[in-house]
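Asks: Following is a predicted model, sequence given first.
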There are 2 protein chains.
Amino acid sequence: MTTKAKCNDVTWKGHADCSHCSVRHMVLFANLADADLDGALMPIEEMTYAPQTTLYRAGERGDHVYTIRSGLLKLFQYLPNGTQRIVRLLRPGDVAGLEILVNGTYHHGAVSIQATNVCRIPTAVLKNLDQSKPQLHRELMVRWQRSLDQADDIITLFSTGSSQARVARLLLHLGHLPADTACNLLSREDMSALLGITVETASRTVADFKRRGLVKTGNGQCEYDPAGLQEIAQD
Amino acid sequence: MTTKAKCNDVTWKGHADCSHCSVRHMVLFANLADADLDGALMPIEEMTYAPQTTLYRAGERGDHVYTIRSGLLKLFQYLPNGTQRIVRLLRPGDVAGLEILVNGTYHHGAVSIQATNVCRIPTAVLKNLDQSKPQLHRELMVRWQRSLDQADDIITLFSTGSSQARVARLLLHLGHLPADTACNLLSREDMSALLGITVETASRTVADFKRRGLVKTGNGQCEYDPAGLQEIAQD
DNA sequence: CGTTAAATTGAGATCTTTCAACTACGGTGG
DNA sequence: CCACCGTAGTTGAAAGATCTCAATTTAACG
């Protein structure tokens, strides 16, 4: 289900370490000098999770943060009535579990939506670097701010307006990274939990978009008409 | 409209300075030693804003963050269609404008809902303290995390479920601080922008609560039945 | 090829919005 | 002091959107 590898362990196949990380430019250590990272063999693990794998649960104590290298992760909370509400969608370069640095407890459940590759970083590493490399602070602030921006997106883009507008905005949002006109489709259940609508409404809306020729789907992938969806996303 | 006072200026009436701040325990400098703050006369201003006053606008450049000492502040963004969506509600102890530390631009509009008293802190102060007092980092992280928790609340509490449930949760949330069973009521317009419903629905819902004896209102104040609202807030 | 979960569809009930009318209230100026 | 005015709040009624529940189809997988 998951694979492990010491990121900085020279005995590990591939010789991977943070200073040669292929996504280094977008992750937590982006702006630290190579020398800062070379000093110690850090117990950072690279891990790959199959879809639907739980990384951690809300309320759980822990001492790792996760930077996403590839894939898609959802963070969610449970509502009073027991249903699940997705509060963040994390993509490569994003960080999960920063709250652990504040009080040692995760505030969300974290589950992979697609196959997801992450670096699992012990808080001890950050605390060590913290004292020696103040540059890390800025990097942490940037991640924290990015999380806030993403939360704002969930509020303004995904929790406001008609279900049509929400779905359209979601598709555009998902497509924004890989290409400009295609995206991996979420399950109707995840759409529902993310957009605050029912599974049926999500299904009907996507089906309607298909009928109108706005999207074409094929095994989990989705090609769409940007202009058309943009129009609907307006309101 | 607004009043100013140098927080640490010994010539200011009242002799106020951060080391004697009455809400010190809940604000940004909570855990800094008095000595850390005494060193320099810092250009921190205490200001009082009348209701409906704009502190800053989205997109604007700036170099101040605000800690709320008393009152109520809304942070909002505009939707594609021009309507306003409230993304955060700030109360005493909360911080507004932290994003300025990352890229110098405010991400929201900030407007006082009630008369609001704040400390207006230049980013330069934080950057100075930052280098000399690493303890400030933890304090900043705590604020950042609090902002995230509040954003999560907006998503799960105020943007999910029936309008009745949302209004009930809002009243309970507003009452949580002052007393346990009363709160200052928002305008229907702000309710609408916060809960993602129309002004009319907000009005009807509150009216319905009144008819059912769940709330009593009198000039902007609101007394409510906690158990009854809790019931409705469940879903 | 059978089994199970996910997605889709239909139909009616329910909720929310829309649009328009009306009321309450505070302040202004005559 | 009172009529007038503008804003915020309220209410009604019909249209529209979403949800609910049940049935059906499709897809996934061993």
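Replies: That came through fine. Numbering: from 1, shown residues only, chains lettered A, B, ... in the order given.
Asks: how does chain A divide into domains?
Replies: Using automatic domain parsing, the domain parsing of chain A gives A:2-155, A:163-233.
Asks: distance between the shortest one and the chain's centre?
Replies: Here domain A:163-233 shows a centroid-to-chain-centroid distance of 18 Å under the convention C-alpha atoms, centre = their mean, to the nearest Å.
Asks: For that domain, measure first residue to last.
Replies: 10 Å (C-alpha to C-alpha, to the nearest Å).
Asks: I figured residue A:122 hits residue A:66, correct?
Replies: No - using C-beta atoms under 8 Å as the test, residue A:122 is too far from residue A:66 to be in contact (11.0 Å). Quick note: C-beta positions are derived from backbone N, CA and C, even for glycine.
Asks: Looking at those two, which has the bigger crowd around it?
Replies: Using other C-beta atoms under 10 Å in any protein chain shown as the criterion, residue A:122 and residue A:66 rank with residue A:66 on top: 24 against 16.
Asks: quick revisit: turn the domains of chain A into TSV, including distance to residue B:82 and mean pLDDT.
Replies: Formatted as TSV, the domains of chain A follow (distance: least, C-beta to C-beta, whole Å; pLDDT from 0 to 100):
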stretch	distance to residue B:82	mean pLDDT
domain A:2-155	17	83
domain A:163-233	14	90
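Asks: Nearest to residue B:53, out of these?
Replies: Closest to residue B:53 of the domains of chain A, according to C-beta to C-beta: domain A:2-155, at 22.4 Å.
Asks: list the contacts for the spatially most central residue of chain A?
Replies: Nearest to the mean C-alpha position of chain A, by C-alpha atoms, centre = their mean, lies residue A:90 at 1.3 Å. In this structure, residue A:90 makes contact with A:68, A:72-75, A:96, A:150, judged by C-beta atoms under 8 Å, 6 or more residues apart in numbering or on different chains.
Asks: Compute the distance between it and residue B:93, please.
Replies: 28 Å (C-beta to C-beta, to the nearest Å).
Asks: Ok, residue A:119 next?
Replies: 34 Å.
Asks: distance of residue A:66 from DNA strand C?
Replies: Residue A:66 sits 24 Å away from DNA strand C, going by C-beta to the nearest atom of the strand, to the nearest Å.
Asks: next one: residue A:111
Replies: Distance, residue A:111 to DNA strand C, by C-beta to the nearest atom of the strand: 12 Å.
Asks: again, but for residue A:172
Replies: Counting by C-beta to the nearest atom of the strand, the gap from residue A:172 to DNA strand C is 18 Å.
Asks: quick one: that residue and residue A:230 touch, right?
Replies: Yes - proximity of residue A:172 to residue A:230 meets the contact threshold set by C-beta under 8 Å, at 6.8 Å.
Asks: the more surrounded of those two?
Replies: Neighbour count, other C-beta under 10 Å: between residue A:172 and residue A:230, residue A:172 has more, with 19 against 13.
Asks: Name the nearest residue to the more buried one, sequence neighbours excluded.
Replies: residue A:229 (5.5 Å; C-beta to C-beta, 6 or more residues apart in numbering or on different chains).
Asks: and that neighbour, helix, strand or coil?
Replies: At residue A:229 the chain is in helix, as set by DSSP: H, G, I helix; E, B strand; the rest coil.
Asks: between residue A:119 and residue B:93, who's got more neighbours?
Replies: Of the pair residue A:119 and residue B:93, residue A:119 is the one with more neighbours under other C-beta under 10 Å, namely 23 against 18.
Asks: Next up, the contacts around that one.
Replies: So residue A:119 contacts A:7, A:21, A:27, A:44-47, A:66-67, A:69 (C-beta under 8 Å, 6+ apart).
Asks: Could you list the buried residues of stretch A:138-156?
Replies: For stretch A:138-156, the neighbour count (16 or more other C-beta atoms under 10 Å in any protein chain shown) marks A:139-148, A:150-156 as buried.
Asks: Among those, which lie within helices?
Replies: A:139-148, A:150-156 (DSSP state H).
Asks: restrict the residues you listed to contacts with chain B.
Replies: Intersecting those with the contacts of chain B gives A:140-142, A:144-145, A:147-148, A:151-152, A:154-156 (criterion: C-beta under 8 Å from any C-beta of the partner chain).
Asks: Adding distance to DNA strand D, write the residues you listed out as a markdown table.
Replies: As requested, these are exported to a markdown table (distance: C-beta to the nearest atom of the strand, whole Å):
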| residue | distance to DNA strand D |
| --- | --- |
| A:140 | 37 |
| A:141 | 36 |
| A:142 | 35 |
| A:144 | 31 |
| A:145 | 31 |
| A:147 | 26 |
| A:148 | 26 |
| A:151 | 21 |
| A:152 | 21 |
| A:154 | 16 |
| A:155 | 16 |
| A:156 | 16 |
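Asks: would you turn those residues into a markdown table with distance to residue B:58?
Replies: Listed next are those as a markdown table, based on distance: C-beta to C-beta, whole Å:
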| residue | distance to residue B:58 |
| --- | --- |
| A:140 | 24 |
| A:141 | 20 |
| A:142 | 19 |
| A:144 | 19 |
| A:145 | 15 |
| A:147 | 18 |
| A:148 | 14 |
| A:151 | 16 |
| A:152 | 10 |
| A:154 | 17 |
| A:155 | 14 |
| A:156 | 11 |
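Asks: which helices and strands does the strand or helix carrying residue A:232 pack with?
Replies: Using DSSP states H and E, residue A:232 sits in helix A:226-233. Contact partners of helix A:226-233 among helices and strands, from 3 or more C-beta pairs under 8 Å, 6 or more residues apart in numbering or on different chains; DSSP states H and E: helix A:163-175.
Asks: quick one: contacts of the helix it packs on?
Replies: Residues outside helix A:163-175 that contact it (C-beta under 8 Å, 6+ apart): A:153, A:157-160, A:181-186, A:191, A:194-197, A:201-202, A:205-206, A:208-209, A:215, A:222, A:224, A:226, A:229-230, A:232-235.
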